[in-house]
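K.L.:
here is a sequence together with a model predicted from it:
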Amino acid sequence: MKNRKNKEQEKEKVIFITKLHFKTFLDAILCTVLPFVIIMINSNRTTGIAAQIMFILGLILGVQRYMTQKTSEFAITNMRLIIKRGVFKSKSQVSFLNRIEGVQLKQGVLGRLIDCGSIIIKDRSGAIYKLKDLKAAEKFSRILQEQIS
């Protein structure tokens with residue numbers, strides 16, 4: 001049995017790997033920059049305290065987004081779709097390409113400009129994978145559809 005698995009693994013080749021787009025940091029960046037703008041416009045004590053709290057929350061959000069981006073990976077092989085996520089508890093989802101029913105790309109104007117988008121994947125078992133804010137989403141979707149057919 002082990003020999004058979006090793007032969008199958010040797011046949012499998014990674015075709016494309018992507019991660020989350022930098023766009024996921026925009027809210028954290030906004031929360032860290034906006035307090036400085038607020039203090040420049042209105043510098044009373046109450047606003048200063050609120051701005052400091054917002055800045056600290058922005059830093060915490062930025063660290064969370066960074067860890068999420070570094071620990072998320074989306075890969076297409078010639079046999080499977082592999083989705084890995086998780087900061088403290090790693091979660092992997094694997095779907096064989098012959099089980100995937102449909103792939104839908106959602107990308108707005110801004111998404112096309114910065115090469116970012118979301119992909120919804122449905123497989124025959126009824127599972128739905130929602131991959132938001134992927135880097136090179138259009139290429140990922142195209143390659144996945146090529147591998148399915």
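P.N.:
Looks like it arrived, so ask away.

K.L.:
you'd agree Lys130 is in a strand?
P.N.:
Yes - Lys130: assigned to a strand according to DSSP: H, G, I helix; E, B strand; the rest coil.

K.L.:
chain neighbours aside, what residue packs nearest to it?
P.N.:
Leaving aside its chain neighbours, Lys130 sits nearest to Ile120 (5.5 Å; criterion: Cβ to Cβ, 6 or more residues apart in numbering). C-beta here means a position set from N, CA and C on the backbone, and glycine is covered the same way.

K.L.:
part of a helix, is that neighbour?
P.N.:
No - Ile120 is assigned strand when assessed by three-state DSSP, not a helix.

K.L.:
now do the contacts for it.
P.N.:
Ile120 makes contact with 103-104, 106, 128-131, according to Cβ atoms under 8 Å, 6 or more residues apart in numbering.

K.L.:
domain parsing for this structure?
P.N.:
Per automatic domain parsing, the domain ranges recorded for the chain read 2-20+73-148, 24-67.

K.L.:
dead centre of this structure: give me the residue that sits there.
P.N.:
Closest to where the C-alpha atoms of the chain average out (Cα atoms, centre = their mean) is Leu20, at 3.4 Å.

K.L.:
number of nearby residues for the closest residue to it other than its chain neighbours?
P.N.:
Leaving aside its chain neighbours, Leu20 sits nearest to Gln69 (4.6 Å; criterion: Cβ to Cβ, 6+ apart). Using other Cβ atoms under 10 Å, the number of residues around Gln69 comes to 16.

K.L.:
okay, helices next: where are they in the protein?
P.N.:
In the chain, the helices defined using DSSP state H lie at 2-11, 26-41, 45-71, 109-114, 137-148.

K.L.:
Lys84 is nearest to which of those helices?
P.N.:
Smallest distance to Lys84 across those (Cβ to Cβ): 7.6 Å, for helix 45-71.

K.L.:
quick one: mean pLDDT for the closest one?
P.N.:
The average pLDDT for helix 45-71 rounds to 88.

K.L.:
dump the residue contacts of Gly48.
P.N.:
For Gly48, the contact set (Cβ under 8 Å, 6+ apart) comprises Ile39.

K.L.:
gap between it and Ile29?
P.N.:
Gly48 is 21 Å from Ile29, where distance means Cβ to Cβ, to the nearest Å.
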